[in-house]
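1. Mind folding the following:
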Amino acid sequence: MSSKKGIGVSVFDLFINTNVYISLCAVLMVTQTNHFFELQYNTRTFYLFVFCATLCSYNFHWYLTPFVASASPRIAWNDTHRRLLLSIYIVMLIASAILALQLIEHWLPLSIGVLATFLYSAPKIPHKYFSLLSKIAVGKTLFLTFVWMYVTTALPILIADTPWTTAQTLFCISRFSLIYAICILFDYRDREADRAQGVKSMITWMSEKNILLIFLAALALFVISTIALYQQSFSIFTITLLLIPGGIVLGLYNYARKHFNDYLYYFILDGLMMFSSLLTLLFRI
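-> Numbering: from 1, shown residues only. Sure, this is the predicted structure:
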């Protein structure tokens, strides 16, 4: 019985730690954007591109993350599976390039997303010019949030080349503010390690009170922008589904500041970014 449980945990760890899970989250978030705004473009190729590009960028990021003896089990897992992370990165880099060529007519909005994604991980590259970025990246949390919002929300709208609407703006704000609230919790967990490495971010140097105020402000903006979608023909039921992950994030705030379990962060909190996407898919609204 215990051996089966061990195998199950190992497979689940592989699913999370090779970044397949977070890549599927990104694809689900794109499907929700496409569904809400009835976007018409080469969606199948774009889904594959988002999946491969996310898998590529996250494995690149984790491959460059140095081992710290007292860090989380995931850091230890990465250290013993570094070749696997590098292999996935190389394969997905090639796959992403091939898929990008099929979307080449949209090279400008795609390039913005690719460049922004690379710049987030660039400070981890062991070269003095890239390392300098970690010293000046005060807004790294905002930057990461922008990348996630852009790739899963703004980019499919831009590729579909439809007239930009108020509803799309509100949805971008809603998604950005929810992701930012989640990222604040990640930054809070990592702030001691960031301080030790000289990584600058707003959350790293703020007091507990100010972190809470920014967290609540992000969630307030999320609630306001989401409810405002009612004026843009979104149903009350749809808005309720969109609000659910925000309520869960709020409820987890105190717990997540004291418990740094990898599954809490890399499965539950990461999953909350796409949770409303999953709900809208299940209810087919």
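2. list the contacts for the closest residue to residue 260 other than its chain neighbours?
-> Once flanking residues are discounted, residue 260 sits nearest to residue 189: 5.1 Å by Cβ to Cβ, 6 or more residues apart in numbering. For the C-beta atoms, the positions are set from N, CA and C on the backbone; glycine is no exception. Residues in contact with residue 189 (Cβ atoms under 8 Å, 6 or more residues apart in numbering) are 256-257, 260, 265.
3. now residue 189: how far from residue 259?
-> Distance of residue 189 to residue 259, given as Cβ to Cβ, to the nearest Å: 9 Å.
4. next one: residue 97
-> Taken as Cβ to Cβ, the span from residue 97 to residue 259 is 40 Å.
5. Comparing those two, which shows the higher neighbour count?
-> residue 97 (14 against 11; other Cβ atoms under 10 Å).
6. buried sites along the helix or strand that that one is a member of?
-> Of the helices and strands defined by DSSP states H and E, residue 97 is found in helix 82-102. For helix 82-102, burial by neighbour count (16 or more other Cβ atoms under 10 Å) applies to 84-85, 88-89, 92-93, 95-96, 99-100.
7. Report pLDDT for residue 45.
-> Model confidence at residue 45, given as pLDDT, is 98.
8. quick one: contacts for it?
-> Residue 45 sits next to 99, 102-103 when contact means Cβ under 8 Å, 6+ apart.
9. Pipe the residues you listed into JSON lines and attach pLDDT and distance to residue 167 per row.
-> Below are the contacts of residue 45 laid out as JSON lines (pLDDT from 0 to 100; distance: Cβ to Cβ, whole Å):
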{"residue": "99", "pLDDT": "98", "distance to residue 167": "28"}
{"residue": "102", "pLDDT": "97", "distance to residue 167": "29"}
{"residue": "103", "pLDDT": "97", "distance to residue 167": "24"}
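10. Not counting residues beside it along the chain, what's closest to residue 117?
-> Nearest-residue entry for residue 117: residue 57, 4.8 Å, with adjacent residues in sequence omitted and distances by Cβ to Cβ, 6+ apart.
11. Number of residues surrounding the one you found?
-> Around residue 57 there are 25 other residues, counting by other Cβ under 10 Å.
12. Please tell me how far it sits from residue 266.
-> From residue 57 to residue 266 the distance is 15 Å (Cβ to Cβ).
13. and residue 276, what is it in contact with?
-> 32, 241-242, 244-245.
14. And the furthest pair within these?
-> The largest separation in those, counting by Cβ to Cβ, is between 32 and 244 at 13.2 Å.
15. More neighbours: the two, which one.
-> residue 32 (23 against 13).
16. What residues of the strand or helix carrying the more buried one count as buried?
-> Counting by DSSP H and E, the element that carries residue 32 is helix 20-37. Of all the residues in helix 20-37, those buried under the rule 16+ other Cβ under 10 Å are 20-34, 36-37.
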